[in-house]
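[1] predicted model and sequence follow; I will ask about them next.
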There are 2 protein chains.
Amino acid sequence: MHSPPHQHGHTPHQARSVALHRAAVTELLKPVRAHGRTETLALRDALGKGLAQDVMAALNLPPFANSQMDGFAVNSLDVPDGGAKLSVVVPVPAGAVPAALDRGTAAPIMTGAMIPTGADAVVPVERAVPDRFPAPGETTTVWLPATAAGTFVRSAGSDIAAGERALTSGTFLGPAQLGLLAALGIAEVTVRRPVTVLLATTGDEVVEPGQPLPAGKIYDSNGTLLESAMRQAGLAVVRTAIASDHPDEFRALLRSHAGAVDLIVTTGGVSKGAYEVVRQAMDGQATEFLHVAMQPGGPQGIGTFDGVPFLGFPGNPVSCLVSFEMFLRPVLAELFGAPSPRIPVHARLGHSLSSPEHKHQVRRGTLQGDGTVRLEGGESSHLMHALAGSNALVHVPVGVSALAEGDEVEVWML
Amino acid sequence: MHSPPHQHGHTPHQARSVALHRAAVTELLKPVRAHGRTETLALRDALGKGLAQDVMAALNLPPFANSQMDGFAVNSLDVPDGGAKLSVVVPVPAGAVPAALDRGTAAPIMTGAMIPTGADAVVPVERAVPDRFPAPGETTTVWLPATAAGTFVRSAGSDIAAGERALTSGTFLGPAQLGLLAALGIAEVTVRRPVTVLLATTGDEVVEPGQPLPAGKIYDSNGTLLESAMRQAGLAVVRTAIASDHPDEFRALLRSHAGAVDLIVTTGGVSKGAYEVVRQAMDGQATEFLHVAMQPGGPQGIGTFDGVPFLGFPGNPVSCLVSFEMFLRPVLAELFGAPSPRIPVHARLGHSLSSPEHKHQVRRGTLQGDGTVRLEGGESSHLMHALAGSNALVHVPVGVSALAEGDEVEVWML
């Protein structure tokens, strides 16, 4: 995968498309999936993880025909047109197996309770005359209106039938998916283990937050930004100290951790300046440094370091986050079922914008309640404050050089 | 807050609007905010929490004028129309404080490096002739095109200026917000402590997943569903065992935990059936059981139990999740800054639908890449499998009884 440095990586005909680079990241990470590492967890511990195998329903949901309302269980033949007066028998609480219903009678039944044998419909209590349940022990009758068979009955298996596939391998396990597993009586689930990432931020100019800031230096925000985004996406993250700009030291730093991780992600040092520590440290490794037709986040490194998959993100914070969202997050969602994928949303631009025609531009913005998206900050990749005020990424595809206020754009909610 | 049971809670004129009930939940939970409990955490531990106070920028971002490109720092007066040939001086790496730039010279400068005194613009290296940096020690000249002052210079404070408000109290701390704090050199942040919820699922018909399932019983999915949703939203959750339908036992169960929590949430037992354990257990408490003009999730309880705020959700799983999303989650986002609020998204319906005109209907659906939303399952509140296949809630407001394919709806991404 060696290639000479791009001297003109910004010119469109030499840049790789976003789709091709994402495909390259997928190829890079597929072997990580092949490790097939799974773990079996109690449901509460599986939140945010990717299901490792299909789950089939071992029972019907609901398990038995039950009432959708508080009302009277009847045989619909007993309440023909014009309704009928029926004797009220003992009530059916939820959780009980009721006695069979005799013809000509009505059984008070609670929501979720099993429909008695012989009954095929429920009349809601508020449609009965009188519109209440008799007191315990009271012998009485009730008038009920005409009711078709099946009314307010949830039939067995109407949610899912026994033997059907409830969830597919690779499904992201959020509250609803875990709730479904619980409804099926499943207490433990087999999930993919999280991908472990070594995150190394580079730069002689970068200082840890909380330390004094010498002139010419900046605080490292990439580490916090990317570690948070990765942890939110369910990755296990190993952070190194901020790496110096000495390639030998940087190589040693990576080697001290590489055996324990699935993926190395670096920030900075991938561009065509004179002091590009990541490029220099990767000399002799099966890595490639190239330009993706994307703004920000164009300069990218990809390959392996001592056999461990490696992604080199650029050094500006916005570029880092965009790189993560465009390349790593969607590939992880696809290969591992976690994190949950970003769903593209369509919104109307609150302003006009311009974009380099040969690049996929990713702007930051705030999707508002009226369906418009307000851009936050300019296109520059150092604007952390604008990023922190945004709730969405706004996509301007290749081939578009200008958009007007009101034009529709694709937006990813952060 | 006592009120008689609603015999006709389903009729529209007696139901409370969604907005009024949400306002009541806000009033109920405001005193929890007033506790003012905060904690100071390292940035990495503050992910997903709500900022407890405004954060002001103590420094400019960027802290000093720096280069946006790898290129040559120049005085723009030295490169007038037609360009000029300049002597190349020693390069400026990122992280260094460079010597002042003499007139008539150009300093190789790396992205992020400090602009030398005397320079006011950067020419990208690829626009120079030759379009590369000289080798170390090489004495040479470079031809550079005309360049306006300020070109490719990120001025000090252009992202945020010292003294400006960086983040507002109550901001949800996601990756970007934590990244901004790191960029400002801040290593620890004061956040609101999570709200602690006692979650009690009720019902004699309900069995824990993993146990055998007797006839007439169902597995408890509400506990897993709501606990997961609450934990995902940053709440601390205390689960009770499944409560029986005996009011005295249920009261004792709540009392054994109530002193240690901020809020009690129950599921089931709030409707108008004959065995409504939550209603019965709340007898004598300042609670109210009412109908909200919403489908599903109409029957709701609200008030205090022994002085602890209490919300009683209905017993069907979809109703539980809708209750959480409609009432508890948005109020917590507003009062505590966490979780991050759901942003309304506009989408086109993939099908027609009908809705009770006097209720706010919440359907489940899948927002697709083309901007349409496909409904999953019907309107019935027991359809866990359909919920587990959805990625969004679809809102049909009061006053609407039918929508056609292609009509615009408001959608909340789950």
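    Nice, thanks for sending it over. Numbers count the residues shown, from 1 in each chain, chains lettered A, B, ... in the order given.
[2] which one in chain A is furthest away from the centre?
    Within chain A, the residue lying farthest from the chain centre (C-alpha atoms, centre = their mean) is residue A:139, at 56.0 Å.
[3] contacting residues for that residue?
    Neighbour list for residue A:139: residue A:88 [criterion: C-beta atoms under 8 Å, 6 or more residues apart in numbering or on different chains]. In short, each C-beta sits where N, CA and C put it, glycine included.
[4] residue A:79 now?
    Under the criterion of C-beta under 8 Å, 6+ apart, the contact partners of residue A:79 comprise A:86, A:121, A:123, A:144-147.
[5] how does it look with 6 Å?
    Shown here is residue A:79, whose contacts under the criterion C-beta atoms under 6 Å, 6 or more residues apart in numbering or on different chains are A:144, A:146-147.
[6] what's near enough to touch the nearest residue to residue A:129 once chain neighbours are set aside?
    Closest residue in space to residue A:129, ignoring its immediate chain neighbours: residue A:143 at 4.3 Å, by C-beta to C-beta, 6 or more residues apart in numbering or on different chains. Counting by C-beta under 6 Å, 6+ apart, residue A:143 makes contact with A:83, A:85, A:129.
[7] surely the second one meets residue A:141?
    It refers to residue A:85. Yes - using C-beta atoms under 6 Å, residue A:85 is in contact with residue A:141, at 5.1 Å.
[8] not counting its neighbours along the chain, what's nearest the residue of the stretch 1-150 of chain A found nearest chain B?
    Evaluated by C-beta to the nearest C-beta, the stretch 1-150 of chain A has residue A:95 as its residue closest to chain B, separated by 3.0 Å. Across the structure, with C-beta to C-beta, 6+ apart as the measure, the residue nearest residue A:95 apart from its sequence neighbours is residue B:205 (3.0 Å).
[9] from residue B:254, how far out is the residue nearest the centre of chain A?
    For chain A, the residue nearest the mean C-alpha position is residue A:340 (1.4 Å; C-alpha atoms, centre = their mean). Residue A:340 sits 34 Å away from residue B:254, taking C-beta to C-beta, to the nearest Å as the criterion.
[10] buried ones in stretch A:81-95?
    For stretch A:81-95, burial by neighbour count (16 or more other C-beta atoms under 10 Å in any protein chain shown) applies to A:83-84, A:86, A:88-89, A:91-95.
[11] what of stretch A:109-122?
    Using 16+ other C-beta under 10 Å as the burial criterion, the residues of stretch A:109-122 that qualify are A:109-116, A:118-122.
[12] also stretch A:385-397?
    By neighbour count, and taking 16+ other C-beta under 10 Å as the criterion, the buried residues in stretch A:385-397 are A:385-396.
[13] would you reformat the residues you listed as a markdown table and include pLDDT and secondary structure?
    A markdown table is the format used below for these (pLDDT from 0 to 100; DSSP: H, G, I helix; E, B strand; the rest coil):
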| residue | pLDDT | secondary structure |
| --- | --- | --- |
| A:385 | 94 | helix |
| A:386 | 93 | helix |
| A:387 | 95 | helix |
| A:388 | 95 | helix |
| A:389 | 94 | coil |
| A:390 | 95 | coil |
| A:391 | 94 | coil |
| A:392 | 95 | strand |
| A:393 | 96 | strand |
| A:394 | 97 | strand |
| A:395 | 97 | strand |
| A:396 | 97 | strand |
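[14] which ones among the residues you listed also lie next to chain B?
    Near chain B, taking C-beta under 6 Å from any C-beta of the partner chain as the test, the members of those found are A:385, A:387-388, A:391.
[15] of those residues, which is the nearest to residue A:411?
    For these, the closest approach to residue A:411 (C-beta to C-beta) belongs to residue A:391, at 9.3 Å.
[16] distance check, that closest one against residue A:347.
    Relative to residue A:347, residue A:391 is positioned 11 Å away (C-beta to C-beta).
[17] mutual contacts of the two, please.
    Overlap of the contact sets of residue A:391 and residue A:347 (by C-beta under 6 Å, 6+ apart) consists of residue A:367.
[18] now check the strand or helix carrying residue A:72, is it near chain B?
    The secondary structure element spanning residue A:72 is strand A:71-74 (assigned by DSSP states H and E). No - with C-beta under 6 Å from any C-beta as the measure, strand A:71-74 is seen stopping short of chain B, the closest distance being 9.2 Å.
[19] each with direction, which strands does that strand pair with?
    Neighbouring strands of strand A:71-74 in its sheet, by DSSP bridges, are strand A:105-109 (antiparallel), strand A:121-124 (antiparallel).
[20] so who does residue A:184 touch?
    When contacts are taken as C-beta under 6 Å, 6+ apart, residue A:184 is in contact with residue A:57.
[21] got a list of what residue A:29 touches?
    With contacts defined as C-beta under 6 Å, 6+ apart, residue A:29 is in contact with A:331, A:335.
[22] checking my notes, it in a helix, right?
    Yes - using DSSP: H, G, I helix; E, B strand; the rest coil, the assignment for residue A:29 is a helix.
[23] what distance do you get for it to residue A:17?
    19 Å.
[24] repeat that for residue A:267.
    Distance, residue A:267 to residue A:17, by C-beta to C-beta: 23 Å.
[25] out of the two, which sits in the busier spot?
    The neighbour comparison of residue A:267 against residue A:17 (other C-beta atoms under 10 Å in any protein chain shown) goes to residue A:267, with 31 against 14.
[26] what pLDDT is listed against that one?
    Residue A:267 carries a pLDDT value of 95.
[27] for beta bridges, what are the partners of it?
    residue A:201, residue A:313.
[28] and the contacts of stretch A:297-305?
    Outside stretch A:297-305, the residues touching it (C-beta under 6 Å, 6+ apart) are A:1, A:24, A:254, A:264, A:270-271, A:285-289, A:291-292, A:310-312, A:314, A:319, A:322-323.
[29] go on, stretch A:197-210?
    In contact with stretch A:197-210 (C-beta under 6 Å, 6+ apart) are residues A:213, A:217-220, A:222-223, A:226-227, A:230, A:235, A:237-240, A:242-243, A:245, A:257, A:261, A:263-269, A:277, B:94-95, B:182, B:185-187.
[30] among those, which ones are in helices?
    With helices taken from DSSP state H, the overlap with the contacts of stretch A:197-210 comprises A:222-223, A:226-227, A:230, A:257, A:277, B:182.
[31] of those residues, closest to residue A:67?
    So of these, ranked by how close each gets to residue A:67 (C-beta to C-beta), first place is residue A:230, at 47.6 Å.
[32] against residue A:110, how distant is the closest residue to the closest one other than its chain neighbours?
    Counting by C-beta to C-beta, 6+ apart, the nearest residue to residue A:230 once its immediate chain neighbours are dropped is residue A:237, at 5.0 Å. Look at residue A:237 and residue A:110: by C-beta to C-beta, they are 50 Å apart.
[33] number of nearby residues for the residue lying closest to the residue nearest to the centre of chain A once chain neighbours are set aside?
    Spatially, and ignoring its direct neighbours in sequence, residue A:340 is nearest to residue A:172 (4.2 Å; C-beta to C-beta, 6+ apart). Around residue A:172 sit 20 other residues, with neighbours defined as other C-beta under 10 Å.
[34] thought residue A:172 was touching residue A:342?
    No - applying C-beta under 6 Å, one finds residue A:172 not in contact with residue A:342, separated by 11.6 Å.
[35] quick one: contacts for residue A:245?
    Residues in contact with residue A:245, defined by C-beta under 6 Å, 6+ apart, are A:204, A:275, A:277.
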